[in-house]
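In: fold the following for me, if possible:
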Amino acid sequence: MRSDRIKKGFERVPNRALLYATGLSQRSMKKPFIGIASSYSDLVPGHVDMRQLERYIERGVEAGGGSPFIFGVPAICDGIAMGHSGMRFSLPSRELIADEIEAVTSAHALDGLVLLTNCDKITPGMLMAASRLDVPAIVVTAGPMLTGRYEGKRLDLVRDTFEAVGQFEAGKISEKELCSLELEACPGCGSCQGMYTANSMACLTEALGMSLPGCATALAVSAKKKRIAYESGIRIVELVRKGITTKKIINKNSLYNAVVLDNAMGGSTNTTLHLPAIAREAGETLPLKLFDDVSRKTPHIANMRPSGETFMEDVEYAGGIPAMLNVLNPKLKNNPTVSGLTIKEIASLGHVTNPNVIRPLSNPYHKEGGMAILKGNIAPDGCVVKQSAVSDKMMKFTGEAMVYESEEDAMKAITSGKVKGGHVVVIRYEGPKGGPGMREMLSPTSAIAGMGLSDSVALITDGRFSGGTRGPCIGHISPEAAACGPIAALQDGDVIEIDIHKRKINVKLTDKQLKERMSSCKILKKELTGYLKRYAQHVSTADKGAVLE
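Out: Numbering: from 1, shown residues only. Below is the predicted model of the structure:
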């Protein structure tokens, strides 16, 4: 066992003495050492109930014959960090999480890991660490939140708070209703209720084979979630004894399967950052083009919010991810999973109980998948849009640019009524380097939607979007403005053409005009300190996953 290096031999007397000081028994010293990386936090609603799940994982590890050790991992709530400078730390926290788990696991020679996670950057950060370390590992995602309720309507965070701000600004709802939505939209613990980034990554973790079947959609408040936590604790000890490490699970086949599910369920565009980053740690490559290639031949079969009107709890009751895999089985590549079953065996056991929530391949919501990768003279290295959340009317759009150097400036213009139908809002210097940290633009996109402009205004940015964004919102423009990308040369009044069907995004300038602008373009520099300064110096472009190089 890996842990033998800290607990075997006469020269390890000091090491054992310190382990005994933790309360470890001599009997437990002989067992596999299992780290439980817990992102419990009182600050994050998706994580506040993890203390219970820690107990069930511990019980499972002990029942399986292992010695459990809990250690903490930081967690940031994207919703709370949204719309201000705090969002600059969200994506960079992914790298911190991966590094911290690597450090603790290596320093203490842990034999295996149970990764207790839920929200947006924590799940990919943990998967990156597991892939980098290549130790036996299993992921427990803490589960989705129940929907809210107000006057008979079902509520979720994005549609009923972020977009409600725009509705209030437009005079569509009263202050009383706004306050009621604020109180009722999030009724308790769990990840936000739609197909946003946290739930997207939980579902993809199951498709990767890194969680037990049913884990992704099992609700945060359910006994089922506790049972999965317990069984995950037992299973990790078996993985250690059999020598089944992460890289035997995460490989080209499982990554491909994740991209298939991502497109079929209309996942967050943030997955185009996270899956390539996980692949890189596993020694694989996952080019941005693959997301588009798969999208072209994978129907969109589940239409949760923001694009549709169903919620994660509906998917749970319709059969969960095993049911979706059952429908997608012909498109999947067989691969082992942490459960001991192959992904196709799990798919064969899945069953759709509500075909209105999870549709058959013959009757999809859209013929293509949720993701589209666009290129053009604005984004020579690509950009991404959740096409399943764009209306047919806006799949092709031409408009005049309104250029802003930050999210805050754009938000002021939108809420003050300066942005009108026919405009393309351009937000730049919000990329991985330029932000730094590639902030999500949920506040401006939600304001646009709430004010009823989703079918007449587009938004493009070198930043990124929440999984809750809907409408023609195109992010990850690469190269970004801070890396001298063409988006830095755009000016107010420029005519921008977007054609999602043809995967094109261009400004109506000749090559010569664009080159002349670029040659005289002055890149905006920001004064940075601390972690963000170091991050900006080493982070890659969005099309490569915004990883540290």
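In: tell me which residues in the strand ranked longest in the chain are buried?
Out: Ranked by residue count under DSSP state E, the longest strand found in the chain is strand 396-404. Going by neighbour count (16 or more other Cβ atoms under 10 Å), the buried part of strand 396-404 is 397, 399, 401-404. The way it works is simple: take the backbone N, C-alpha and C, and place the C-beta from them, glycine included.
In: check which helices and strands that strand sits against.
Out: Using 3 or more Cβ pairs under 8 Å, 6 or more residues apart in numbering; DSSP states H and E, the elements in contact with strand 396-404 are helix 407-415, strand 423-427, strand 495-499.
In: show the average pLDDT along the second one.
Out: For strand 423-427, mean pLDDT rounds to 98.
In: what does that strand contact?
Out: 397, 399-404, 406-407, 410, 413-414, 419, 441, 444, 448, 457-463, 487, 490, 496, 498 (Cβ atoms under 8 Å, 6 or more residues apart in numbering).
In: any low-confidence regions in the stretch 351-500 of the chain?
Out: For the stretch 351-500 of the chain, no stretch has pLDDT under 70.
In: mind doing that once more with 90?
Out: 441-443, 446, 449-450, 466-471 (pLDDT under 90).
In: quick one: the strands in it?
Out: If DSSP state E, counting those that start in this stretch is used as the criterion, the strands of the stretch 351-500 of the chain fall at 371-374, 382-386, 396-404, 423-427, 458-461, 473-478, 495-499.
In: just the helices in the stretch 251-400 of the chain please.
Out: Remark: helices assigned in the stretch 251-400 of the chain by DSSP state H, counting those that start in this stretch are 252-265, 271-281, 288-297, 312-317, 320-328, 343-349.
In: sorry, back to before: which two among the buried residues of strand 396-404 are spaced furthest apart?
Out: For the buried residues of strand 396-404, the farthest-apart pair by Cβ to Cβ is F397 and Y404; their separation is 18.6 Å.
In: what's the per-residue pLDDT of the closest residue to G214 other than its chain neighbours here?
Out: Residue nearest to G214 in three dimensions, not counting chain neighbours: G320, with 5.2 Å by Cβ to Cβ, 6 or more residues apart in numbering. pLDDT for G320: 98.
In: same check on the one 3 residues further on?
Out: Note on A323: pLDDT of 98.
In: number of nearby residues for E549?
Out: For E549, the count of nearby residues is 9 (other Cβ atoms under 10 Å).
In: neighbours around the nearest residue to it once chain neighbours are set aside, how many?
Out: Residue nearest to E549 in three dimensions, not counting chain neighbours: S540, with 5.2 Å by Cβ to Cβ, 6+ apart. Counted with other Cβ under 10 Å, the neighbours of S540 add up to 18.
In: test my guess that S540 contacts V547.
Out: Yes: taking Cβ atoms under 8 Å as the definition, S540 is a contact partner of V547 at 5.2 Å.
In: export stretch 228-242 as CSV, just CAs?
Out: Only the C-alpha atoms of stretch 228-242 are listed here, as CSV (Å, rounded to 0.1, in the frame of the first residue of the first chain):
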residue,chain,number,x,y,z
ILE,A,228,-24.7,6.2,-2.2
ALA,A,229,-22.2,7.9,0.2
TYR,A,230,-22.1,4.8,2.3
GLU,A,231,-21.6,2.5,-0.6
SER,A,232,-19.0,4.7,-2.1
GLY,A,233,-17.0,4.4,1.2
ILE,A,234,-17.2,0.6,0.9
ARG,A,235,-16.3,0.6,-2.8
ILE,A,236,-13.2,2.8,-2.5
VAL,A,237,-11.5,0.1,-0.3
GLU,A,238,-12.3,-2.5,-2.9
LEU,A,239,-10.8,-0.3,-5.6
VAL,A,240,-7.6,0.1,-3.5
ARG,A,241,-7.3,-3.6,-3.0
LYS,A,242,-7.8,-4.3,-6.7
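In: list the buried residues for that stretch?
Out: Here stretch 228-242 shows 228-241 as buried, counting by 16+ other Cβ under 10 Å.
In: taking those one by one, which sit in helices?
Out: Secondary structure defined by DSSP state H assigns 228-241 of the buried residues of stretch 228-242 to helices.
In: now those as a markdown table including pLDDT and distance to F33?
Out: Below are these laid out as a markdown table (pLDDT from 0 to 100; distance: Cβ to Cβ, whole Å):
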| residue | pLDDT | distance to F33 |
| --- | --- | --- |
| I228 | 98 | 22 |
| A229 | 98 | 19 |
| Y230 | 98 | 19 |
| E231 | 98 | 20 |
| S232 | 99 | 16 |
| G233 | 98 | 13 |
| I234 | 98 | 16 |
| R235 | 98 | 16 |
| I236 | 99 | 11 |
| V237 | 98 | 10 |
| E238 | 98 | 15 |
| L239 | 98 | 14 |
| V240 | 98 | 9 |
| R241 | 98 | 13 |
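In: tell me the one of those nearest K297?
Out: Of all those, K297 sits closest to I228, with 32.1 Å by Cβ to Cβ.
In: and P479, how far from T541?
Out: From P479 across to T541, the span is 6 Å (Cβ to Cβ, to the nearest Å).
In: returning to what we had before: out of the helices of the stretch 251-400 of the chain, the one nearest G64 is which?
Out: Closest to G64 of those, according to Cβ to Cβ: helix 343-349, at 20.9 Å.
In: what are the contacting residues of that closest one?
Out: 207, 209, 213, 254, 257, 322, 325-326, 328-329, 332-337, 339, 341.
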